[in-house]
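Undergrad: Sequence and predicted structure are below.
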Amino acid sequence: MTRFTVNNQAVEYRLDPATPLLWALRDASNLTGTKYGCGTGHCGACTVDVDGRAIRSCSMTIAEAEGTYVTTIEGLSRERSHPLQLAFLADNLVQCGFCVPGIIMAASVLLRRNPDPDEATIRGAITNLCRCGIYPRLVEAIERAAR
Ligand code: FES
């Protein structure tokens, strides 16, 4: 059995310890906001916050997540939208939307560590792929959310 905390709730998974965190979140916890893109740690669609780090959950096993605090897009904001979500909405940034939960999770980790990042810092921290090509507006939205 593997135990950790997801969105402030204790969870126990009776799964193979080698199960990727992504699939435990999606299939066992029905937290489908975390997306499967490449499955190889490259695209970032599966990004979640693990103990304050932006982690590609397809590349972390639940055994590696044991004892950690995991936050998914569903747990990022409970009663009101996160400033990043508001900034993305205000800019009508979402096109297909598939990459957005992972980008917002990566950006939320960045803003917690650096509340006033410059453009280069944002571009360095957000390595998620977006096939719709929202990158320039993405930087602006993160800068706006930081204000
Ligand atoms: Fe995890 Fe692409 S699905 S990085």
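TA: Looks like it came in fine.
Undergrad: Tell me which helix or strand the residue nearest to N114 when sequence neighbours are not counted sits in.
TA: Leaving out its chain neighbours, the residue that sits closest to N114 by CB to CB, 6 or more residues apart in numbering is T121, at 6.3 Å. For glycine as for every other residue, the C-beta is placed from the backbone atoms N, C-alpha and C. Using DSSP states H and E, the element containing T121 is helix 119-125.
Undergrad: Report the buried residues of that helix.
TA: By neighbour count on 16 or more other CB atoms under 10 Å, the buried set for helix 119-125 is 122, 125.
Undergrad: Work out the gap between the top helix by length along the chain and the centre of the chain.
TA: Ordering each helix of the chain by length in residues (DSSP state H) puts helix 100-113 first. Taking CA atoms, centre = their mean, to the nearest Å, the mean C-alpha location of helix 100-113 is offset from the chain mean by 6 Å.
Undergrad: Could you do stretch 117-132 as well?
TA: 13 Å.
Undergrad: hang on, the earlier thing: got the contact list for the longest helix of the chain?
TA: If you take CB atoms under 8 Å, 6 or more residues apart in numbering as the criterion, helix 100-113 is touched by 33-35, 37, 43-49, 52-54, 71-73, 76, 82, 84-85, 88, 93-94, 117, 121-122, 125-128, 130, 138, 142, 145-146.
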